[in-house]
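1. What would the 3D arrangement of this be:
(chains A and B)
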Amino acid sequence: MSRHWQWLLILPAVAPLLTPYANRIEPTVLGVPFFFWYQFACALFAIVVISVVHVATREDDHE
Amino acid sequence: MSERDIEVGVFAVLMAVVLVLGFGAARWRRPENPHTLEEWGVGGRAFGNWAIWFLIGGSMYSAYTFIAVPALTYGIGAIGFFAVPFAIITTPLTFVFTTRAWSVARRHGFLTHSEFAAARFGSPGLGALVAVTGILATMPYVAVQLLSLQAVLRTVGFGGEWPLLAAVTVVSVCTFRSGLRAPALLSVVKDALMAWMLLTALLVVAMYGGWDRTFRVAGEHFAATPSRIDGLLLPDTGHLGFLTLIIGSALAVFAYPHALVGMLAAKDRATVRRNAAALPVYCMALAVMALLGFFALSRGVKPVDGDLNTVIPQLIHSHFPGWSAGIAYAALTVAALIPAAVMSIAAANAFTRSLFRPYLQPNASPATEARVSRWVSLVVKFGAAALILAVDPAYSVDLQLIGGVVILQTIPATFLGLVTGWFHRAALISGLIAGLGVGVAMLYSIPKLDATGRVVAEHFGGSSWPLGNGTTVYVGMVALFVNLAVAALATVMLKAAGVPGGLDATRPDDYLADAGDAKLKRLDELIDGLPRRRAEPPAYVGRARLLSGAVGEQSLRAPRERA
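-> Residues are numbered from 1 along each chain as shown, chains lettered A, B, ... in the order given. This is a model prediction of the structure:
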């Protein structure tokens, strides 16, 4: 059943909430502290995961 | 010509283009019968991928966000960044929940959350309550858009009240005439301008020492301030407040009436889903804007009259080349006008569908509905303008804060209603009222503190409820918790007592319906009490329909008494 693919969506929904662990300066990227660039990474991750789930569930659109 | 002349000249030319486009939008993909609420309010539910993407970006990522979020990071640092994770977690939620909302709305002809709540729980009263809550929460939201607009216009040199009123009049005329088509078309323009503004900003940051210097200087600044909550990172006691604020804001996004308007304009389910996958791009744009708050801090940009909302306009004025500054001002102005337009359309739809039609004129024709919504949208916009001209602007920001807590209380009826019809209508109404009471009472009792912790105002000082030892929790989540507890408890009690609930007018397969569906608006006719026709032989039968064996079932169903 392709609807199981939807469970993957929990990952991009939870990743941005891990701020107690992301609350640090190092490592920096281009001078931006980890706390901030981590969220950029989460946004990219959300794009990838949602696209994968969309493609995987496109055939039978049954949630 | 001075830099200032170029700035104002570019801005004026771009705004003229926007005016022409907004007015001409009525002609864009002109429908055969433009005088229905479906056409005016949700663009005939016929927008494709690109139009929806721009429209959602235009209505959800508003000037208020682009101005207030950097103002927050400028003022308190890391906590102001909450908007970014909150925006990101809305995207997977959109993929699941908005898709369901789109399907059920498409099949039943809903335009608003309130109509859905009324049909789901068999209670026009609940629908009316959700509509009123939504309209009350939207007004101050429109007002803060106009405040951001005023901050930009003031920086360009158009101070006073008349420029603001002129801008509101322009957008009102465009919306009145073109409905949702105007903000949809202007969103494309806005994103092009916004992209240029962000590119310029990144180049400017690189020119002035890059992010290294930005964060070093900003870090030194925060270390030197007396406040214990500001800084480049969250304080140890800040996590609960930060996380509840993120989750509360993310849920609130789905509850605002305007959240649904953009998505309902989509032509099919795939459009909604593809958009959910592409929306994080806007989150990254927002994150860049948020980081600009630190850059402004490191460059020593000073707000006008202590109004932090002017930080970004000031940064643009002092660091951008004149013509790029003109473009950036135009981007921010359009970014304020689009959400104002979409929000006023959403509030007007809620009024028309959940208050006007059920209670004032049950036999309203589609043309009457469209006319009522048009005028109500004007009332909402000018009401919001009056709000910020008549009362202290600082006070309308407080209203927006209350609005967020207020709108969260419709979550059990609307958002949870998409997945379960278990709640009892009377329980939902009691929960909503309990949540509103607790939320507003808590907000009222929070004092406003300055940077050193001294009390500067007794009431409505923020939405973070202190738990002692520096830990805080977002008021909206506490109120929502009370709301849910009351709703669940009352549902159990009412069911045990055998009090009949409302009849659920939706069925499980309604949440999976797609374009080409044969039974579209089936219940719209049932609810309206219009003469019922026998279903025409379906031209297209979706797989869901075949599987559930529901074909033709509607002709067997007797019209039911509605509670």
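
2. how near is B:Ala270 to B:Leu72?
-> 36 Å (C-beta to C-beta, to the nearest Å). Where you see a C-beta, it was placed from the backbone N, CA and C, and this is true even at glycine.

3. who has more neighbours, the two?
-> With neighbours defined as other C-beta atoms under 10 Å in any protein chain shown, B:Ala270 and B:Leu72 compare such that B:Leu72 has more, 20 against 17.

4. Contacts only, for the residue lying closest to B:Gly470 once chain neighbours are set aside.
-> Closest residue to B:Gly470 apart from its sequence neighbours, by C-beta to C-beta, 6 or more residues apart in numbering or on different chains: B:Thr237 at 3.7 Å. By C-beta atoms under 8 Å, 6 or more residues apart in numbering or on different chains, the residues touching B:Thr237 are B:469-472.

5. list the buried ones in the longest helix anywhere in chain B?
-> Assignment by DSSP state H gives helix B:124-156 as the longest helix of chain B. By 16 or more other C-beta atoms under 10 Å in any protein chain shown, the buried positions in helix B:124-156 come out as B:124-131, B:133-156.

6. So which residues of chain B form strands?
-> Ranges of strands in chain B, per DSSP state E, are B:448-449, B:455-457, B:464-466, B:472-474.

7. mind putting these in TSV, mean pLDDT included?
-> Shown next, in TSV, are the strands of chain B (pLDDT from 0 to 100):
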stretch	mean pLDDT
strand B:448-449	74
strand B:455-457	76
strand B:464-466	82
strand B:472-474	88
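
8. List just the nearest of the contacts of B:Thr237 to B:Ala278.
-> B:Thr472 (34.1 Å; C-beta to C-beta).

9. Can you tell me who that closest one pairs with across the strands?
-> B:Thr472 forms beta bridges with B:Pro466, as assigned by DSSP bridges.

10. Next, work out how far apart it and B:Val173 are.
-> 44 Å.

11. Comparing the two, which residue is more hemmed in?
-> Using other C-beta under 10 Å, the more surrounded residue of B:Thr472 and B:Val173 is B:Thr472, with 23 against 15.

12. Give me the distance between that one and B:Phe481.
-> B:Thr472 is 15 Å from B:Phe481, by C-beta to C-beta.

13. what does B:Glu458 give?
-> B:Glu458 is 26 Å from B:Phe481, where distance means C-beta to C-beta.

14. of these two, who's got more company?
-> More crowded of B:Glu458 and B:Phe481, by other C-beta under 10 Å: B:Phe481, with 14 against 11.

15. What does the pLDDT read for that one?
-> B:Phe481 is assigned 94 on the pLDDT scale.

16. same question, B:Thr169
-> B:Thr169 is given a pLDDT of 86.

17. Flag every buried residue along stretch B:390-409.
-> Per 16+ other C-beta under 10 Å, stretch B:390-409 contains these buried residues: B:393, B:396-409.

18. can you give me the offset of it from its chain's centre?
-> For stretch B:390-409, the separation from the chain centroid amounts to 14 Å (computed by C-alpha atoms, centre = their mean, to the nearest Å).

19. which residues touch that stretch?
-> Contact partners of stretch B:390-409, identified using C-beta under 8 Å, 6+ apart, comprise B:64, B:133-134, B:136-141, B:143-144, B:147, B:150, B:248-249, B:251-252, B:255-256, B:307, B:387-388, B:431-432, B:435-436, B:439-440, B:443, B:460, B:462-463, B:475-477, B:479-480, B:483.

20. Could you measure from the most centrally placed residue in chain A over to chain B?
-> Geometric centre of chain A, nearest residue: A:Pro12, 2.9 Å, by C-alpha atoms, centre = their mean. Going from A:Pro12 to chain B by C-beta to the nearest C-beta, to the nearest Å gives 5 Å.

21. Now do the contacts for B:Ala25.
-> Contacts for B:Ala25 (C-beta under 8 Å, 6+ apart) come out as B:174, B:178, B:181-182, B:184-186.

22. Select from the residues you listed every entry located in helices.
-> Using DSSP H, those in helices are B:174, B:178, B:181-182, B:184-186.

23. residues near B:Lys323, how many?
-> Let me fix one detail, which is that residue B:323 is Trp and not Lys. Applying other C-beta under 10 Å, I find that B:Trp323 has 15 neighbouring residues.

24. repeat for A:His4
-> Neighbour tally, A:His4, other C-beta under 10 Å: 9.

25. Among the contacts of B:Thr237, the buried ones, what's the PyMOL command?
-> If you want just the buried ones from the contacts of B:Thr237 in PyMOL, going by 16+ other C-beta under 10 Å, the selection is:
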select buried, chain B and resi 471+472
